[in-house]
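Participant: structure, please.
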Amino acid sequence: MEWNDHRQPLNPKRSRTVLREDVILVVIKNAQGATDYCGLKELLQKETGEDVHRSIVHTQDVWEPTYYCGEYRYKLILLPASDPTPFGDPYIRDANHFSLFLNYDASSTKSWDEMVASCEDISSRCEDGVIPLPTIVAAMGEGCVSREEAERFARQRSCRFFQYSPVTGHGLCKAFASIVEHAHGTRLQYATDPDGFQATVKATTEVVQRLFR
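Facilitator: Okay, the predicted model is just below:
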């Protein structure tokens with residue numbers, strides 16, 4: 001899997017035919033003290049060496065993280081769960097995959113408790129108490145809550161745990177790559193069944209609308 005800024009042309013050395021571009025909508029659920037979705041983008045830019053001085057909010061040329069898996073290109077759209085407007089038409093309509101990113105400040109017990117409560121609330125509104133989206137539990141920094149405890153919490157809920165630096169962003173690329181890996185696996189699973197893939201997208205879209213609208 002390779003990381004690329006979608007604004008730059010493909011390196012000729014790895015030039016290949018891109019079958020299609022899929023859009024992954026990542027719903028960011030922040031606990032108190034954790035960086036917001038714009039901050040996550042800036043940290044991703046830092047980790048990948050992109051220009052962090054360029055505005056990513058007040059411009060039409062918005063940087064979005066993009067991954068390449070074989071002949072597939074995946075663009076990630078990061079949006080906050082607290083804002084209902086993005087879950088209207090444009091973003092959901094264009095998305096092929098969905099994921100949940102539970103973000104908390106590891107130096108704060110209060111932030112951890114809020115993230116746990118959010119996870120339990122979302123689970124309680126899902127069939128069989130299982131969140132039907134690939135879900136990341138993300139720790140910003142370290143401190144009050146041990147990595148072992150956080151990993152155990154995530155594992156018990158079929159989530160994946162990642163830790164990242166609030167200064168350099170180190171760890172975020174790996175976290176978002178895991179989301180892309182899941183999406184790519186789904187894409188390959190339905191490689192010969194486009195109708196089945198669209199049915200899956202429709203069902204997942206309905207889940208996202210129900211949970212976050």
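Participant: ranges for the helices of the chain?
Facilitator: Secondary structure of the chain by DSSP state H: the helices cover 37-48, 90-94, 109-124, 147-156, 172-189, 194-212.
Participant: what's the closest of those to V26?
Facilitator: helix 172-189 (6.4 Å; C-beta to C-beta). Heads up, the C-betas are built off the backbone N, CA and C, glycines and all.
Participant: in that closest one, what's buried?
Facilitator: By 16 or more other C-beta atoms under 10 Å, the buried positions in helix 172-189 come out as 172-173, 175-180, 182-184, 186-187.
Participant: and T109, how many neighbours?
Facilitator: Neighbour count of T109, defined by other C-beta atoms under 10 Å: 12.
Participant: same question, V207
Facilitator: V207 has 16 neighbouring residues, counting by other C-beta under 10 Å.
Participant: just list the residues touching it, thanks.
Facilitator: Contacts for V207 were tallied using C-beta atoms under 8 Å, 6 or more residues apart in numbering; they are F98, C126, P132, L133.
Participant: what's the answer for Y164, then?
Facilitator: L43, A138, A139, M140, H170, G171, L172, A175.
Participant: now with 10 Å?
Facilitator: By C-beta atoms under 10 Å, 6 or more residues apart in numbering, the contact set of Y164 is 35, 40, 43-44, 47, 103, 106, 138-141, 170-175.
Participant: just the buried members of those residues?
Facilitator: Buried among the contacts of Y164 (16+ other C-beta under 10 Å): 35, 40, 43-44, 47, 103, 106, 138-141, 171-173, 175.
Participant: nearest to D94 among the buried residues of helix 172-189?
Facilitator: A183 (14.0 Å).
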